[in-house]
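Asks: mind folding the following:
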Amino acid sequence: MPRVVQFTGPRRVELVDVPALALNRGEVRVQTQYSGISAGTELTAYRGTNPYLTRTWDPQRRLFTTNGDGVHPNYPITGWGYSEVGEIVEVAPGAPEDLRVGDTVWGIWGHCSEAVLPADKVRTVPDGVDPLAASFARVGAVALNALLAAGLHLGELVAVFGQGVIGLLVTQMAIRSGVDVVAVDTLAPRRERAMEFGASLAVDPIADSAAERVREFNGGRGVDVAIEISGSYLALHEAIRTVTPGGRVVAAGFYQDEGRGLRLGEEFHHNRAELVSSQIGGVPATLSGRWDQNRLNETFLRLCARGVLNPAALVTHLLPPSRAAEAYQVLDASPADALQIVFDFGAELQGPDNRGEE
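Replies: Here you go, the predicted model:
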């Protein structure tokens, strides 16, 4: 019987059995191999702060509306997650002939052991790409989309606030685009990793002001662009402080609740900073004729196939889904101890983490 990871309440996680679904025309059945946790987004559901728990997104009007009393979250939440890789085990009539049993594919179907999907919702993992690396296709697209919104130019100085998985991918791709990067994060292991990838400066925003350190580093000038990927309002405010007058700030994090600590009457107003939102639901409007989500995904995977990027190196924990509660607890309470956690649905349920964690 298929199994799925679900949140049953704030900070409550369990692995439950679900009925197997019938296969309809044009669909494929995929047995999951890897499913990566996107910590920034998924911890909002784990902690109970995600707006989808108390509100409904209306895609026609592009507005959130309140559910019920707008206070008590809607649980359980089943099948969270959007970075999956698996093997096709069954193909229904009407599916494209280029999809066959045994193919390794990637897509979005959540933390479940198997899924039945329309054939157009899966893509074959390209030759030369490690299936574990392919599980980063979606988060890699998020990082690349933020870079497109940043509009980087050769020789510029860019600050990346947040050096989690997506932030480190942003840092790597920005450096390969010919810019210098200032990496900002509260956790020393993540700052160290950013420096290993080629960042020019790493700043601990608790110990130092990023805006002041940057000006010391850059001859009194701020950065040309700041990309805020952590989802912290305090970080967003400091990103605004860090850019030079007329500089661009890309808000790519998933921000929760009210904007405490964001003081728009200060540097934002006086330095005429440009604030741009980046979200994976769409590419920057000026690029929509040339870029879309498929191109974001394909570009990221092509960079992996060429060896330009190696996202699998960011995996610190490869765990069976039976240890899901432990995985989220580590990400929530001890973020310095983990970077990317991936569920290995092929692992023994009680086996040790084969990345060396007991």
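
Asks: how about the residue lying farthest from the centre of the chain, what does it touch?
Replies: The centre of the chain is farthest from one residue, P93, which by CA atoms, centre = their mean lies 34.3 Å away. When the contact criterion is CB atoms under 8 Å, 6 or more residues apart in numbering, the partners of P93 are R25, G26. Yep, even glycine has a C-beta here, placed from its N, CA and C like the rest.

Asks: where does the chain have low pLDDT?
Replies: Within the chain, the stretches with pLDDT under 70 are 67-73, 348-358.

Asks: so who does the residue nearest the centre of it touch?
Replies: For the chain, the residue nearest the mean C-alpha position is V139 (3.9 Å; CA atoms, centre = their mean). Neighbouring residues of V139 by CB under 8 Å, 6+ apart: G36, S38, S83, V165, I166, L169.

Asks: just give the nearest non-adjacent residue to the fourth one, would you?
Replies: I take that to be V165. Using CB to CB, 6 or more residues apart in numbering and skipping residues adjacent in sequence, the residue nearest V165 is Q340, 4.9 Å away.

Asks: repeat for the first one
Replies: Among residues not flanking G36 along the chain, S83 sits closest, at 3.8 Å (CB to CB, 6+ apart).

Asks: so what strands line up beside the strand or helix carrying V181?
Replies: Taking DSSP states H and E as the definition, one finds V181 inside strand 180-184. Taking DSSP bridges as the criterion, strand 180-184 pairs within the sheet with strand 157-161 (parallel), strand 201-203 (parallel).

Asks: show the subsequent helix or strand relative to it.
Replies: helix 188-196.

Asks: before we move on, back to that, can you give the distance of the strand holding V181 from its chain's centre?
Replies: Computed by CA atoms, centre = their mean, to the nearest Å, the separation of strand 180-184 from the middle of its chain amounts to 19 Å.

Asks: quick check: angle from that strand to helix 188-196?
Replies: Strand 180-184 and helix 188-196 meet at an angle of 180 degrees, taking axes from the mean of the first three to the mean of the last three CA atoms, to 10 degrees as the criterion.

Asks: touching strand 180-184 from outside, list them.
Replies: So strand 180-184 is contacted by 155-163, 167, 171, 174-175, 190-191, 194-195, 198-203, 205, 210, 213-214, 217, 223, 235, 238, 242 (CB under 8 Å, 6+ apart).

Asks: the residue nearest to G36 reaches Q33, doesn't it?
Replies: No: using CB atoms under 8 Å, S83 makes no contact with Q33, being 11.8 Å away.

Asks: could you chop this protein up by domain?
Replies: When the chain is parsed with automatic domain parsing, its domains come out as 3-125+310-344, 141-283.

Asks: and the last one, how far apart are its ends?
Replies: Okay, so that is domain 141-283. Domain 141-283 has its terminal residues 10 Å apart, counting by CA to CA, to the nearest Å.

Asks: and it, how far from the chain's centre?
Replies: How far domain 141-283 lies from its chain's middle: 16 Å, per CA atoms, centre = their mean.
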